[in-house]
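Peer 1: Okay, sequence plus prediction incoming.
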Amino acid sequence: MRYRLFIIAAACIAALTSCKEKSGRQLLPNVSGKAGEVMVVIERAQWEGNLGVAIRETLAGDTPFLSQKEPLFNLSNVPPGSFDSMFKVHRNLLLVNINPQNVSNGVVYKNNVWARPQAVVQINAADQEQALSLFTEAGPVIAEFIEQSERDRIIANAKLYEERELREPVINVTGGMLHFPSGYRCRKFTDDFVWIADEKQYTNQTVLVYKYPAEGSDVFELENIIAARNAIMQANVPGMFDGSYMTTSMALPPTTRSLRYHGRDFMETRGFWEVHGDFMGGPFVSHSFYSKDGKDIIVLEAFVYAPRYDKRQYLRQVESILYSFEWEK
């Protein structure tokens, strides 16, 4: 449930956070805290009660499609009485404000309140029961708001240290560009396929960009997305041994969901990849959407291979590159 994205609610969040900052905000300090951390400002009794349980189940539940259990976010708790200037600059804040004298109750989304780039969510409620109800309803949107804030930080860093020469092969295939940070290199480039990766000794973060003809009205059905993926992987992504190649693992069937981001509709697919004829594997996520002329399906895919390490942050980093896509102007 935490990964269900209500498109209208997400659009509202985008509208709320798109307002220009006042000039004084330029002097805000940089955020503190590690990537993937969320600080929850809540009274201890509420944190240990039903409200705290709901928050942990939604924000610290298992990240989907990882080979080992890893929380969606790492949570820490501080009571309101201790929430001073040291904590106010944290990167992701969830503020629980329970007060019978609150004038207006609901969930508020803000950016760059005490630091930048900062994500702040505040729940205003008259009592704990109302706070639980508000969080239960808004939990998936809160998770997505924080997730996108994490992605936006990664994208901003990628643009700051961008490998700009990698724009061209993506533009040639898709008509749009991705922003790759320093360390990524192009491994393969054809008229309809691009392979760009950051390969280190024990980790591999890869983006694949490809297209194929948009034939039929059910091109975004899961089975058709996977069939096209498997054919393209077999033709373009060989394994280490003769006759081995990447394909889609069906041990845990992939899932799809329809999303809209920055005015672009796409189908997100999540699942596991594996190598036919070998024992390699890991998580992948892809975005499938129509080309500008509607003749092709464009796919932006990110995958990770990091057998020695936790994979949540590696996947979040490379997945963020997909969200940096923009049509060439």
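Peer 2: That came through fine. Residues are numbered from 1 along each chain as shown.

Peer 1: what are the ranges of the helices in this structure?
Peer 2: 7-17, 44-47, 50-59, 85-88, 128-160, 167-174, 222-236, 312-323 (DSSP state H).

Peer 1: What helices and strands are in contact with the fifth one?
Peer 2: To tie it back to what came earlier, the one meant is helix 128-160. In terms of contacts (3 or more Cβ pairs under 8 Å, 6 or more residues apart in numbering; DSSP states H and E), helix 128-160 is packed against helix 7-17, helix 50-59, strand 92-98, strand 106-111, strand 119-125, helix 312-323. Every C-beta, even on glycine, is put in place using the N, C-alpha and C of the backbone.

Peer 1: Go again with 6 Å.
Peer 2: helix 50-59, strand 92-98, strand 106-111, strand 119-125, helix 312-323 (3 or more Cβ pairs under 6 Å, 6 or more residues apart in numbering; DSSP states H and E).

Peer 1: Taking helix 128-160 as reference, get the angle to the last one.
Peer 2: When axes from the mean of the first three to the mean of the last three Cα atoms, to 10 degrees is applied, the directions of helix 312-323 and helix 128-160 differ by 70 degrees.

Peer 1: try the third one
Peer 2: Between strand 106-111 and helix 128-160, the angle formed by their directions is 20 degrees, by the same axes, to 10 degrees.

Peer 1: between the helices and strands packed on helix 128-160, which gets nearest to Ala231?
Peer 2: Among these, the nearest to Ala231 by Cβ to Cβ is helix 312-323 (20.9 Å).

Peer 1: Could you tell me which residues within stretch 212-223 count as buried?
Peer 2: Using 16 or more other Cβ atoms under 10 Å as the test for burial, stretch 212-223 gives 212, 214, 219-220.

Peer 1: Nearest residue to Leu259 in space, please, no chain neighbours.
Peer 2: In this structure, Leu259 finds its nearest non-sequential neighbour in Glu268, 5.3 Å apart by Cβ to Cβ, 6 or more residues apart in numbering.

Peer 1: ok, so what distance separates that neighbour from Tyr212?
Peer 2: Glu268 is 18 Å from Tyr212, where distance means Cβ to Cβ, to the nearest Å.

Peer 1: quick one on the thing from earlier: using CSV, lay out the helices and strands packed on helix 128-160 together with mean neighbour count, mean pLDDT and distance to Leu178.
Peer 2: Formatted as CSV, the helices and strands packed on helix 128-160 follow (neighbours: other Cβ atoms under 10 Å; pLDDT from 0 to 100; distance: least, Cβ to Cβ, whole Å):
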stretch, mean neighbour count, mean pLDDT, distance to Leu178
helix 50-59, 18, 97, 28
strand 92-98, 22, 97, 25
strand 106-111, 17, 97, 24
strand 119-125, 22, 97, 23
helix 312-323, 22, 97, 6
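
Peer 1: With respect to Val141, which of the ones you listed lies nearest?
Peer 2: Closest to Val141 of the helices and strands packed on helix 128-160, according to Cβ to Cβ: strand 106-111, at 7.9 Å.

Peer 1: and that closest one with strand 92-98, angle?
Peer 2: Taking the same axes, to 10 degrees, one finds strand 106-111 and strand 92-98 inclined to each other by 150 degrees.
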